[in-house]
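J.: dropping the sequence and predicted coords here.
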Amino acid sequence: AFVPSVSSASRSSSRAFMSTVDDKTEVREYFNNEGFSRWNKIYSESDDVNSVQLDIRNGHDQTIAKILRWIEADGDIKGKTVCDCG
């Protein structure tokens, strides 16, 4: 039977690929669970936030208020829809 040889470079490339897949899975799992929970606390109306989350929430609110003032000053918002993508 023919058994192809596998070079050490190929094995190391395979390990790097598997590591990347595992990293992607780990990141996906974080953002689908704990990360989403933290994001939801920040952007919900919950009072159950820590000081860092509150700073992020307040900074986001200030940014939105500033952008809305810019749009209003330009006078070209009427009839348009705006999406806050975080």
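T.: Sure thing, it's come through. Numbers count the residues shown, from 1 in each chain.

J.: how far does stretch 33-43 sit from the chain's center?
T.: 10 Å (Cα atoms, centre = their mean, to the nearest Å).

J.: can you start the count at 23 instead of 1 from here on
T.: That works, and once the first residue is 23, the last one we named lands at stretch 55-65.

J.: need the contact partners of that stretch.
T.: Contacts with stretch 55-65, where a contact means Cβ atoms under 8 Å, 6 or more residues apart in numbering, come from 68, 70-71, 75, 78-79, 82, 108. Heads up, the C-betas are built off the backbone N, CA and C, glycines and all.

J.: count of neighbours near Asn72?
T.: 11 (other Cβ atoms under 10 Å).

J.: cool, and the one 4 residues further on?
T.: Neighbour count for Leu76, taken as other Cβ under 10 Å: 13.

J.: before we move on, which element is it in?
T.: Leu76 belongs to helix 73-96 when elements are defined using DSSP states H and E.

J.: not counting its neighbours along the chain, what's nearest Ser68?
T.: Computed as Cβ to Cβ, 6 or more residues apart in numbering, the closest residue to Ser68 that is not its neighbour in sequence is Asn62, at 8.0 Å.

J.: as a whole number, average confidence for the helix holding Leu76?
T.: Averaged over helix 73-96, pLDDT sits at 92.

J.: who touches that helix?
T.: Counting by Cβ under 8 Å, 6+ apart, 60, 63-65, 71, 99, 104, 106, 108 sit against helix 73-96.

J.: give me the buried subset of the contacts of stretch 55-65.
T.: Among the contacts of stretch 55-65, those that count as buried by neighbour count (16 or more other Cβ atoms under 10 Å) are 75, 78-79.

J.: rebuild those residues as CSV, extending it with distance to Lys46.
T.: Compiled in CSV, the buried ones among the contacts of stretch 55-65 are given as follows (distance: Cβ to Cβ, whole Å):
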residue, distance to Lys46
Gln75, 26
Ile78, 25
Arg79, 29
